[in-house]
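In: Just a sequence and a predicted model for now, questions to come.
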Amino acid sequence: MKILGIESASLVASVAVVTDGLVTAEYTVDFKKTHSQTLLPMIDEVTRMLELDLHEVDAIAVSGGPGSYTGLRIGSATAKGLGLALEKPLIHVPTMDAMAYNLYGTSALICPVMDARRGQVYTGLYHYEETFEVVKPQCGMDIHELIKELNERGERVIFLGDGVPVNEKIIREEMTVPFSFAPAQTNRQRGASVAALGSVYFAEGKTVSAMDHAPDYLRKAQAERELEEAKRQGKTDELAAGHSVGTGDAQ
C-alpha cells in the first residue's frame, strides 16, 4: 500500500509517501513561502527521488483542517487535482489528529495547539501509548479554558504546535499539572504523520472522492466574521470598501 500525504494547514509545507508501513520519503519546509510555490515542486521531487509513478499510489491523504484558510485551500486543491487526474480516492485526516500522531508511545495526554489568534487556539486531546485514541475531538477554544480543562483532568500533558510559542507564558503561569513541550522533530505538522494515519483510515475504508473532499475550517474566515459584525452594526458599505468576503486567511 502506498499513500501520498499532503500537509499545508500552517506555515509548514510537507509531503510524504508511506509504503507498507514505512516512510519512504518526506519533504518538509517551515519557511515563509506560499504553499502554491512549494507543494507541487516538493511532490515532484519526492516522486522523482523514489522513481515513483503517482499512478502507483493507492490514495492521497490530505490534512483537512483546521488551520490557515489559504493553506488548507491550496492543499485541498492540490489533493483534489491529483485525485481527479489519477482517479484515486482522498483521505481526509483532521489536522489535530495528524499532529498528535507524531507522539507514539507517550503515557501523557497529547495536546496539539495551533494559534487561532485573539487568545483562541485550535486543539484536541489524545492518548497514544499503545493505540491512538481521540479523547477530545478537534475544536477551537480559548487558551485559558483549555488550560482549565487540562488542570481538571489531572494528567501529565505534552504540548506541540505553533500555538506553543504564542501561548507559552500563559501555559507556564496557569498549568498546575505536570507538562512538557514536544521536541523539534515532533512539534510541528508532518506529511509523514498525515500519510501514516491516512494509511490506517484507508484500511478502514475511510476515503472520499476527490470531488467530495472539502477542508474543515471549524470557523468562518476573518473577512466573513467582520462582515457579519458590520451587518449587525450597519457598516456593510464601509467594510466592503476595505475587502471582499473570503479573502481573509485566519488561523
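Out: Sure, I can see it. Numbering: from 1, shown residues only.

In: Without its sequence neighbours, what residue ends up closest to Thr47?
Out: Of all residues beyond its chain neighbours, the one nearest Thr47 is Leu54 (6.0 Å), with distances taken as C-beta to C-beta, 6 or more residues apart in numbering. Every C-beta, even on glycine, is put in place using the N, C-alpha and C of the backbone.

In: That neighbour: what's it in contact with?
Out: 4, 43, 47, 82, 86 (C-beta atoms under 8 Å, 6 or more residues apart in numbering).

In: Ignoring the adjacent residues along the chain, who's closest to Ser8?
Out: Nearest to Ser8 is Gly75, by C-beta to C-beta, 6+ apart, at 3.3 Å.

In: For the one you found, which three-state class applies?
Out: Here Gly75 is helix, with the state taken from DSSP: H, G, I helix; E, B strand; the rest coil.

In: what about it, distance to Thr38?
Out: Look at Gly75 and Thr38: by C-beta to C-beta, to the nearest Å, they are 11 Å apart.

In: circling back: report the separation between the residue nearest to Ser8 and Thr131.
Out: With the distance defined as C-beta to C-beta, Gly75 ends up 27 Å from Thr131.

In: same question, Gly83
Out: Distance of Gly83 to Thr131, given as C-beta to C-beta: 29 Å.

In: on that earlier part again, quick one, which of Gly75 and Thr38 is more surrounded?
Out: Set Gly75 next to Thr38 and count neighbours by other C-beta atoms under 10 Å: Gly75 wins out with 28 against 19.

In: That one: what's it in contact with?
Out: By C-beta under 8 Å, 6+ apart, the contact set of Gly75 is 6-9, 35, 39, 62-63, 215.

In: Which one of those residues is nearest to Gly163?
Out: Of all the contacts of Gly75, Ala9 has the smallest distance to Gly163: 12.4 Å, by C-beta to C-beta.

In: thought that closest one was touching Ser63?
Out: Yes - contact criterion C-beta atoms under 8 Å: Ala9 and Ser63 qualify, at 4.7 Å.

In: returning to what we had before: so what pLDDT did the residue nearest to Ser8 get?
Out: At Gly75, the pLDDT value in this model is 97.

In: Then Tyr122?
Out: The score at Tyr122 is 98. That number is its pLDDT.

In: That one: which element?
Out: For Tyr122, the host element (DSSP states H and E) is strand 120-128.
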